[in-house]
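S.K.: Mind folding the following:
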Amino acid sequence: MRRNAHSPARISPTRTITDPDTGRVYPVPSGGADDTPGEGEGRLAELAGRIDSEHEPLTDDELAELEALAVEAFDEADNEADPDLDAMEELHAVIARTRQVAAEREAEADERRQRAAELRQGIHVEDEPAEGDEPTGEADGDEPTGEADDEVDTSGVPDDASGITEAEREPAAAVASAPARPRPTLAAANRRRRANSDPAPRRSNLTVVTAGDVPGRSAGSPLSSLREVGEAFAAKADAVRKHGAMRGQRFGVASFQVEYPEDRRLGANGQVNDERIEAVVASAQAQSIDAIVAAGGLCAPVDVAYDLEGISVESRPIRDSLPRFGADRGGIRFIEPPTLADLSDSVGLWTEANDGAAEPDPATKAVQVVTCGNEVEVLINAVTRRLQVGNFSRRTFPEQFSRFWQLSGAAHSRLAENTLWDAMVGASTAVTFAQQLGAARDILTVVDTAVAAYRSRHRMSDTAVLRLVAPSWVLNMMRTDVAKQLPGDASISRTDAEIRAWFSDRGVAVTFSPDAGQEFGAQSAGALAAFPSTVELLLHHEGAFTFLDGGVLDFGMEIRDSTLNATNDVEAFMETFENVAFRGIESLHITATVTASGETAGLEVASAT
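M.R.: Numbering: from 1, shown residues only. Just a heads-up that it's a prediction; the model follows:
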C-alpha cells in the first residue's frame, strides 16, 4: 500500500510488540534522526519502546499518554482515500498492548485493596455489647451512673433570647467535643473471637474476565465493572454483525472465575490435602452434638453439571500471516516472475579497447530477449465441517452438541492450516541442517545462515523483513535449551517476547503455528513425550505466498430434510473455500536436526580437548 502524505513515518525497528488480540508481532518504532523525544512520533516511539521494560516501566500517566498518542497516530493513518494499513496494524498492536497493561495494573490494584480490607478486619472492632454483657447506659429503670446527671447536652438550646446556640458561638469547642472512634477493648476482641469460633460459610473471590476473541481486549483480562461488561458485549456484537453468524450460534463474551481461600484448595500434594480436610473436619467436630445432628446429610439429588470443558481454539496464524485475495471464480492464473539469476544475459561490460577494435570481442553488447513466462493456475479447495446428532439429544442436551461443534471448529482449523502448510512446502526448495550445539543456538544459526544467503542471492535490502513459519513448540524448545546451560548466565527464564526478539533482531518476522504438520501425538502412560529431534521451518520474503479466499458456505446448525427427519436427526454444516498460491521469488523448506541439550560452543571445545 502506498503511504500517503498524512501517514506517520515508519522507522527502522529495533524491538517488537505482540498484539494481544491477534498474536501477531509488529516492530516498535525506535525513533529517527528527525524525531525529537518528547514530541510527536518521537515521544510515541519512546513510550512504546518502554511498554514492556523491566528497568524503566511506564508510569500510569505515561501509559495514558501513550494510548492517546497511539490513537491519534492511528486516526491519522486511517486516511479514507488511502489508509496506511501497515502503520494501522502496528499502532493497533501498541494500543491493544497498552490497554492490556492498564487492565493488568488495575487488577493488581484491586487485589491489593481486597487484601488490605481482609487484613483490616479484626483490627478496628466496634465495642458493642454482646449477649449477656452489662449495658453501659440507662436501662430498665437503672439509676444513672457517675456525673451523668450533670452532663446534659445543651448545644442545641439557645442560651439567650438571641437564638444563637452555644455550638454556633464556639464551633471549635463543638468539633472538639465530637465523639471519637471507639477503640477496641480486650472484652470486645474476646466477644468477636467467640462469635467467629463457629465455622461460617466462606465467600469465594469471584471475578469476571474477558472470554477469547473480544475486540479490543485480550482473553482473560479482568472486567472490573458492569460498564466494562456492557462495553465488551457491545464490541462483540459489532464484530458478529460485521462477520456474520449462524442462527442459534453462541459467542463467549465473559466468564466468571471463582478463587477459593488457600485452606479450601486441594492440589497434587496428598499430605497437604489431608491436613486441610482434617482441619475442616476438626472444626465441625468441635461443634455441639445438636449442631451436628441438625446439619444432617444430603437428602435431595445433587445438581448435574451439563457444561463440557474445552481448551482447543480455532486460530489460523498461517492464513492470517499471508496477504489475502478473493477467489470468487474458483482460483487464479498468473505468470511466474523472473529471478535475478534469470537476467544475467541482460547486462555486460563494453570497454574502450573493445569499442575501438576492428573485430571487437564480444562483437555486440549483451542483450536479453524477453519471452513469455510460464502460466500457473491455482484452484481453491473446500475444507468441510459437518456434524449429525439425534433430535432427542439436540433438544435435551444442547451443551453437548455446542461443545462438539466448537471442537470441530478447532479440527477444521488444523486441517485447513496443515493443507496450507503442505502446499507451501511443495512450492519451496528443500534444504537440511545438521545439529551442532543446543536447539536455541542451532535454530538461530539456521536462520542467520539462511537469511544471509537469501539476501545475498537476490540482492535484497538489508532492512527487508523475511518471514519464518515454525511450530509453536519451538519457543518451548529454545527456552528449555537455554535453561539447561551452565548456571551463572541468568538464562533459566526467557519469555516469549525475548525469544521473538532474537528473531526480529535478525530481520525476521516469525509466525508460530500450533500445527505446521508437526503436532505432538497423544500422551500415553509412561515416559513423557519429548521434543521432536527435527524441526521444519519455512523461510520466504513477505508476499511470496498469497491466500486465496473463496468464501464460506454455511448452512447453519439446524439442517433438516426428509432423509434426516426419517431418522429423527439434525445436522450442522459449513465449509471454507481456500488455497495458497506461490507467486514469489524463492521459499526455503528447512529441516534441521535439533536437541534441547543446553550445549554451547565452549562446552563442545572443552569436551573435545
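
S.K.: quick one: buried residues of stretch 455-465?
M.R.: 455, 460 (16 or more other C-beta atoms under 10 Å). Where C-beta positions appear, they are placed from N, C-alpha and C, glycine not excepted.

S.K.: quick one: average confidence on it?
M.R.: Averaged over stretch 455-465, pLDDT sits at 93.

S.K.: End to end on that stretch, go ahead and measure it.
M.R.: 10 Å (C-alpha to C-alpha, to the nearest Å).

S.K.: Please apply the same query to stretch 500-518.
M.R.: 20 Å.

S.K.: List the contacts of residue 105.
M.R.: Going by C-beta atoms under 8 Å, 6 or more residues apart in numbering, residue 105 touches 60, 63.

S.K.: Please report how far it lies from residue 571.
M.R.: 48 Å (C-beta to C-beta, to the nearest Å).

S.K.: repeat for residue 416
M.R.: 20 Å.

S.K.: Count the residues that sit near the nearest residue to residue 222 once chain neighbours are set aside.
M.R.: Excluding the flanking residues, the one nearest residue 222 by C-beta to C-beta, 6 or more residues apart in numbering is residue 107, at 4.3 Å. Neighbour count of residue 107, defined by other C-beta atoms under 10 Å: 17.

S.K.: So what does residue 107 look like in phi/psi?
M.R.: phi -60, psi -40 (degrees, to the nearest 10).

S.K.: Tell me the pLDDT of it.
M.R.: Looking at residue 107, its pLDDT reads 87.

S.K.: so what's it up against?
M.R.: With C-beta under 8 Å, 6+ apart, residue 107 has these contacts: 221, 222, 224.

S.K.: now the residues you listed in CSV, with secondary structure and distance to residue 593?
M.R.: Listed next are these as CSV, based on DSSP: H, G, I helix; E, B strand; the rest coil; distance: C-beta to C-beta, whole Å:
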residue, secondary structure, distance to residue 593
221, coil, 40
222, strand, 44
224, coil, 50
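
S.K.: Now, of these, which are buried?
M.R.: 221, 222.

S.K.: Return the member of the contacts of residue 107 nearest to residue 385.
M.R.: residue 221 (29.6 Å; C-beta to C-beta).

S.K.: That closest one is in contact with residue 101, isn't it?
M.R.: No - using C-beta atoms under 8 Å, residue 221 makes no contact with residue 101, being 10.1 Å away.

S.K.: quick one, phi psi at residue 403?
M.R.: Given degrees, to the nearest 10, the pair of backbone angles that residue 403 has is phi -70, psi -40.

S.K.: now it, nearest residue through space, not along the chain?
M.R.: Closest to residue 403 by C-beta to C-beta, 6+ apart is residue 308, at 4.0 Å.

S.K.: and that neighbour, how many neighbours?
M.R.: Count around residue 308 with other C-beta under 10 Å applied: 14.

S.K.: Okay, buried residues for stretch 45-53 please.
M.R.: 45, 46, 47, 48, 49, 50, 51, 52.

S.K.: Convert that stretch to PDB, retaining C-alpha atoms only.
M.R.: The C-alpha trace of stretch 45-53 is given here as PDB (Å, rounded to 0.1, in the frame of the first residue of the first chain):
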ATOM      1  CA  ALA A  45       8.400   5.700  19.900                       C
ATOM      2  CA  GLU A  46      10.000   6.400  23.300                       C
ATOM      3  CA  LEU A  47       6.900   5.300  25.300                       C
ATOM      4  CA  ALA A  48       6.100   2.300  23.100                       C
ATOM      5  CA  GLY A  49       9.700   1.100  23.400                       C
ATOM      6  CA  ARG A  50       9.300   1.100  27.200                       C
ATOM      7  CA  ILE A  51       5.900  -0.600  27.500                       C
ATOM      8  CA  ASP A  52       7.400  -4.000  28.400                       C
ATOM      9  CA  SER A  53      10.600  -2.600  30.000                       C
END
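
S.K.: So, low pLDDT: which residues of the stretch 401-550 of the chain?
M.R.: 488-490 (pLDDT under 70).

S.K.: ok, which stretches of it are strands?
M.R.: Ranges of strands within the stretch 401-550 of the chain are 429-433, 466-471, 508-513, 534-541, 545-559, based on DSSP state E, counting those that start in this stretch.

S.K.: Need the ones you listed in a markdown table (columns: mean neighbour count).
M.R.: Formatted as a markdown table, the strands of the stretch 401-550 of the chain follow (neighbours: other C-beta atoms under 10 Å):
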| stretch | mean neighbour count |
| --- | --- |
| strand 429-433 | 13 |
| strand 466-471 | 22 |
| strand 508-513 | 22 |
| strand 534-541 | 21 |
| strand 545-559 | 17 |
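
S.K.: Of these, which is nearest residue 423?
M.R.: strand 545-559 (8.4 Å).

S.K.: Just put the strands of the stretch 401-550 of the chain in a markdown table and tack on distance to residue 378.
M.R.: Formatted as a markdown table, the strands of the stretch 401-550 of the chain follow (distance: least, C-beta to C-beta, whole Å):
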| stretch | distance to residue 378 |
| --- | --- |
| strand 429-433 | 19 |
| strand 466-471 | 19 |
| strand 508-513 | 21 |
| strand 534-541 | 16 |
| strand 545-559 | 7 |
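
S.K.: So for residue 442, which of those strands sits nearest?
M.R.: strand 429-433 (7.2 Å).

S.K.: who does the closest one pair up with?
M.R.: strand 587-593 (parallel) (DSSP bridges).

S.K.: for the strand it pairs with, what is the average pLDDT?
M.R.: Here the average pLDDT along strand 587-593 is 97.
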